[in-house]
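**Student:** I'll drop the sequence and a predicted model, then ask my questions.
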Amino acid sequence: MRTMTARLNDAEIEQRFGALSGWTHAGDEIRKTFRLGSFPAAIAFVTQVAFLAEAAGHHPDIDIRWRKVTLALTTHDAGGLTHKDFDLAAQVDAITG
């Protein structure tokens, strides 16, 4: 049985968002575009994100445009942002240094 993750309130979102760098917040999602050195580097980055996402059981929307990768995070079953979004964003930031 799946347990639904609680949606964060505005104050919690603001607090968690303040700890991120380079992410934007619009509506019910946070997003960030990463610029990599080459197309293969972009694909390798997406692979790293995929392993993090799979381990977290939380999967971002991913847009790959040559050397740019945009990630969008929201928790669809909660109808907005949850701790899962901010935890995964922080993990992604950690692998990009």
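**Tutor:** Structure received.
**Student:** quick one: the helices in the chain?
**Tutor:** Secondary structure of the chain (DSSP state H): helices at 10-18, 39-56, 83-96.
**Student:** How far does the last one sit from its chain's centre?
**Tutor:** What it means is helix 83-96. Computed by Cα atoms, centre = their mean, to the nearest Å, the separation of helix 83-96 from the middle of its chain amounts to 6 Å.
**Student:** OK, contacts around the closest residue to Leu73 other than its chain neighbours?
**Tutor:** Leaving aside its sequence neighbours, Leu73 sits nearest to Asp85 (Cβ to Cβ, 6 or more residues apart in numbering; 4.1 Å). From N, CA and C alone the C-beta is placed, and that goes for glycine too. By Cβ atoms under 8 Å, 6 or more residues apart in numbering, Asp85 lies in contact with 29-30, 58, 73-75.
**Student:** Now with 6 Å, please.
**Tutor:** If you count contacts by Cβ atoms under 6 Å, 6 or more residues apart in numbering, Asp85 has them with 30, 73, 75.
**Student:** on that earlier part again, of all the helices of the chain, which gets the most neighbours per residue?
**Tutor:** Each of these was scored by mean neighbour count; the highest is helix 83-96, a mean of 17, by mean count of other Cβ atoms under 10 Å.
**Student:** how much does that helix deviate in direction from helix 39-56?
**Tutor:** Interaxial angle of helix 83-96 relative to helix 39-56 (axes from the mean of the first three to the mean of the last three Cα atoms, to 10 degrees): 140 degrees.
**Student:** Pull helix 83-96 out as CSV, backbone CA atoms only.
**Tutor:** Extracted C-alpha coordinates of helix 83-96, given in CSV (Å, rounded to 0.1, in the frame of the first residue of the first chain):
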residue,chain,number,x,y,z
HIS,A,83,9.8,17.1,0.6
LYS,A,84,10.5,14.5,-2.2
ASP,A,85,10.9,17.3,-4.7
PHE,A,86,13.4,19.3,-2.6
ASP,A,87,15.3,16.2,-1.5
LEU,A,88,15.8,15.1,-5.1
ALA,A,89,16.7,18.6,-6.2
ALA,A,90,19.4,18.7,-3.4
GLN,A,91,20.7,15.3,-4.5
VAL,A,92,20.9,16.4,-8.1
ASP,A,93,22.8,19.6,-7.1
ALA,A,94,25.2,17.5,-5.1
ILE,A,95,26.3,15.5,-8.2
THR,A,96,26.8,18.7,-10.3
